[in-house]
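*Asks:* here are the coordinates; sequence isn't available:
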């Protein structure tokens, strides 16, 4: 883990802590970072489902190749 010095807006921090019930800056920031990463992962998955990318795995031989 790396220590970092960052400026955090006090009002933003307070609102985030109140919204989630966090009491420390560390847990608030960590949860925020995890939430951003999870949101982006969900967006990528939605994109894969809505653009037809998963259709590439539709055939039996393509599915078999995916496991090799």
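*Replies:* Looks like it arrived, so ask away. None of these values were measured; they are calculated from a predicted model.
*Asks:* show me where the chain has its helices.
*Replies:* With DSSP state H as the criterion, the chain has helices at 10-20, 25-51, 60-66.
*Asks:* for the second one, name the packing helices and strands.
*Replies:* Translated: helix 25-51. helix 10-20 (3 or more C-beta pairs under 8 Å, 6 or more residues apart in numbering; DSSP states H and E). Where C-beta positions appear, they are placed from N, C-alpha and C, glycine not excepted.
*Asks:* for the helix it packs on, which residues meet the burial criterion?
*Replies:* Across helix 10-20, burial judged by 16 or more other C-beta atoms under 10 Å covers 16-17.
*Asks:* give me the contacts around it.
*Replies:* Residues outside helix 10-20 that contact it (C-beta atoms under 8 Å, 6 or more residues apart in numbering): 22-23, 25, 28, 31-32.
*Asks:* using CSV, lay out these together with distance to residue 63, neighbour count and pLDDT.
*Replies:* Output for the contacts of helix 10-20, formatted as CSV (distance: C-beta to C-beta, whole Å; neighbours: other C-beta atoms under 10 Å; pLDDT from 0 to 100):
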residue, distance to residue 63, neighbour count, pLDDT
22, 43, 17, 97
23, 48, 9, 96
25, 47, 13, 97
28, 43, 21, 98
31, 37, 14, 97
32, 38, 15, 97
